[in-house]
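Enquirer: The following comprises the amino acid sequence and a computationally predicted model.
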Amino acid sequence: MCGRFKLTKKQQEVVDRYNAEVERLFEEMYNASPTQNLPVVTNEKPDKIQFFRWGLIPYWAKEIAIGNKMFNARAETIREKPSFKIPFQRRRCLVPADGFYEWKKLAEGKKQPYVITLKSDALFSFAGLWDVWKNPDGDSINSFTIITTTPNSLMTDIHDRMPVILKREDEKIWLDKNTKTEDVFSLLKPFNAEEMKVEMISKVG
């Protein structure tokens, strides 16, 4: 699973990377977490960097709290789960990041945090889904989830899941509504371990 990540590049670097206008100013994020409003690039507005709540709230949900547990979506069941089936078909997004955190379980219930980045230290995109939910007052809340898959060889010893990181050349395919479902699904695979690095850290953030 992926419940913490970082986006520590300068805003202009993010803007240039995605060739998109930013909705509002933002600073470096060292500990992005669920329920926060975070930058995304959607299939509907690929030229905009918008801010959505992390934790997908399905359009049919009765209350916002359901989103608190939906910060990840398993790739293996994404085409069947009611919460993700329609967003997978119609509402896909990129979630900019330059690293993510994971905790390895140790003896006596302890956990060791790690930060995982690209060897190039470059920005990358998680594969995400988004949806729009209206609260009882009629206000719309945009939210997203990050898709996870099985771990690559780098991650296997740390956790049994990892977020889907898209190859840069696959980002447009992911956002394109005209891409066939089977072609979109084929992108949901572990990222090349040879291009990644992992570092043990004392704390997150």
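Expert: Now that the structure is in, tell me what you want to look at.
Enquirer: Gln11 touches Leu25, doesn't it?
Expert: Yes: if you go by C-beta atoms under 8 Å, Gln11 and Leu25 touch, sitting 6.7 Å apart. Placement of C-beta: from N, CA and C, glycine included.
Enquirer: Can you name the residues that contact the closest residue to Lys105 other than its chain neighbours?
Expert: Leaving aside its chain neighbours, Lys105 sits nearest to Lys111 (5.8 Å; criterion: C-beta to C-beta, 6 or more residues apart in numbering). Going by C-beta atoms under 8 Å, 6 or more residues apart in numbering, Lys111 touches Trp103, Lys104, Lys105.
Enquirer: go again using 10 Å as the cut-off
Expert: Counting by C-beta atoms under 10 Å, 6 or more residues apart in numbering, Lys111 makes contact with Glu102, Trp103, Lys104, Lys105.
Enquirer: Then Arg90?
Expert: With C-beta under 10 Å, 6+ apart, Arg90 has these contacts: Asn43, Glu44, Leu129, Trp130, Asp131, Lys177.
Enquirer: Report the mean confidence score over stretch 6-16.
Expert: In this model, stretch 6-16 has a mean pLDDT of 97.
Enquirer: Check stretch 65-79 too.
Expert: Mean pLDDT, stretch 65-79: 96.
Enquirer: so where is the chain shaky, pLDDT-wise?
Expert: For the chain, the stretches with pLDDT under 70 are 205.
Enquirer: What is the burial count for Lys119?
Expert: If you count neighbours by other C-beta atoms under 10 Å, Lys119 ends up with 9.
Enquirer: was I right about it contacting Glu195?
Expert: Yes: using C-beta atoms under 10 Å, Lys119 is in contact with Glu195, at 5.9 Å.
Enquirer: roughly how far apart are the residue lying farthest from the centre of the chain and Tyr101?
Expert: Distance from the centre of the chain peaks at Glu108, with 30.7 Å (C-alpha atoms, centre = their mean). Distance of Glu108 to Tyr101, given as C-beta to C-beta, to the nearest Å: 21 Å.
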